[in-house]
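Student: Sharing a sequence plus its predicted fold:
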Amino acid sequence: MSPGTPFHRPLHLAEVMTDRPRSQLTPAFVPRSRGRTRSIGLPDEFIDCCRQAFHSLQFDDGSRVLGITSALFRDGKTSVAVGMTLASAVDTGEPTLLLECDLEQPAFSRIFGIERTPGLSDWVDGSEAMRCIRMAPLDNAFVMTAGSVGPDPARIFYQLNRNSLMDELRGQYRNIIVDLPPMLSVAYGQLACQLSDRILLVARHGVTPLKDLQAVTQMVGRERLTGVVLNGYASRVPGWLRRFS
């Protein structure tokens, strides 16, 4: 997959959220009285590439949990995660969650123009209720930020892997796209990857060293790594022809 130049345009959305106790949360519910957010303007070509990648994946029956990671920071994995969320939500019509698990360099607050807290870490700690924010322009796409990460972010993933919190999310959302930390930049990258059924690896064309991609492949495991997204590659094949590839 070659999504072309990564998307860097600032996104500013009006905040529309559900902030309710876990047991009462309905994932696709947003009160009509709160209105709609502004739309996210990702390029059509980028969304098409994300769509092709999503439909090429094989999942077991039930919820689909797809992790998006990279070898290092700034390979464009978050842009791919956003595009994958929009594409899967549009095509399936099912409740879809974009989960921020890059606790070292969280970006959702800046990208979506929303408050960083409360978020994932606060919910895992039990200090806050689950807070999912609708991703415009869709009714069935939601975002959960990383939240207020403390000095030991690895504990968040230990807790998620050991208790039933991920099962709670799987019960609420058919599609879960996880923006993972870069594997070679954080000590807990391998632990975070255990949250996902399948992993897509994002590499930047002409920048990411091949040895780093090989190292990530060994860490993740070939059985869970479903493919590599080549970011920043401008294909010379016309868009209409790429749709048949």
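Tutor: Everything's here; your move. Residues are numbered from 1 along each chain as shown.
Student: Which positions in the longest helix out of those in the chain come out as buried?
Tutor: Determined from DSSP state H, the single longest helix within the chain is helix 77-92. Of the residues in helix 77-92, 77-89 count as buried by neighbour count, 16 or more other CB atoms under 10 Å. In this view, the C-beta of every residue, glycine as well, is placed from N, C-alpha and C.
Student: Nearest to Leu103 among these?
Tutor: Nearest to Leu103, judged by CB to CB, of those is Thr78 at 13.0 Å.
Student: thought the closest one was touching Leu180?
Tutor: No - between Thr78 and Leu180 there is no contact under CB atoms under 8 Å: 9.9 Å.
Student: list the residues that contact both of those two?
Tutor: Contact with both Thr78 and Leu180 is made by residues Ile68, Asp102, according to CB atoms under 8 Å, 6 or more residues apart in numbering.
Student: hmm, back to that, the longest helix of the chain packs against which elements?
Tutor: helix 44-55, strand 64-70, strand 96-100, strand 141-144, strand 175-179, strand 198-204, strand 225-231 (3 or more CB pairs under 8 Å, 6 or more residues apart in numbering; DSSP states H and E).
Student: how does it look with 6 Å?
Tutor: helix 44-55, strand 64-70, strand 96-100, strand 175-179 (3 or more CB pairs under 6 Å, 6 or more residues apart in numbering; DSSP states H and E).
Student: show me where pLDDT drops low in this structure?
Tutor: Residues of the chain meeting the criterion pLDDT under 70: 1-39, 232-245.
Student: Could you give the bridge partners of the residue nearest to Phe142 when sequence neighbours are not counted?
Tutor: In this structure, Phe142 finds its nearest non-sequential neighbour in Cys132, 4.1 Å apart by CB to CB, 6 or more residues apart in numbering. With beta bridges defined as DSSP bridges, Cys132 has these partners: Thr18.
Student: isn't Cys132 right up against Asn140?
Tutor: No - using CB atoms under 6 Å, Cys132 is not in contact with Asn140; the gap is 11.3 Å.
Student: More neighbours: which of these two?
Tutor: Between Cys132 and Asn140, Cys132 has the larger neighbour count (other CB atoms under 10 Å), namely 28 against 21.
Student: how much space is there between that one and Pro153?
Tutor: With distances taken as CB to CB, to the nearest Å, Cys132 is found 21 Å from Pro153.
Student: again, but for Ser121
Tutor: 8 Å.
Student: Neighbour count: the two, which is higher?
Tutor: Ser121 (24 against 19).
Student: Can you tell me how far the residue nearest to that one when sequence neighbours are not counted is from Ala187?
Tutor: For Ser121, ignoring the flanking residues on the chain, the nearest one in space by CB to CB, 6+ apart is Gly147 at 3.8 Å. Gly147 is 20 Å from Ala187, where distance means CB to CB.
Student: Between the two, which is the more surrounded one?
Tutor: Using other CB under 10 Å, the more surrounded residue of Gly147 and Ala187 is Gly147, with 24 against 10.
Student: Please verify my assumption that the more buried one contacts Thr117.
Tutor: Yes - the pair Gly147 and Thr117 passes the contact test of CB under 6 Å, sitting 5.3 Å apart.
Student: Please verify my assumption that Thr226 contacts Gln58.
Tutor: No - the pair Thr226 and Gln58 does not pass the contact test of CB under 6 Å, sitting 7.7 Å apart.
Student: So for these two, which residue has more residues nearby?
Tutor: Thr226 (20 against 8).
Student: tell me the contacts of the spatially closest residue to that one that is not a sequence neighbour?
Tutor: Spatially, and ignoring its direct neighbours in sequence, Thr226 is nearest to Arg198 (4.6 Å; CB to CB, 6+ apart). Arg198 makes contact with Leu57, Leu66, Thr226, according to CB atoms under 6 Å, 6 or more residues apart in numbering.
Student: try Thr117
Tutor: Gly147, Ser148.
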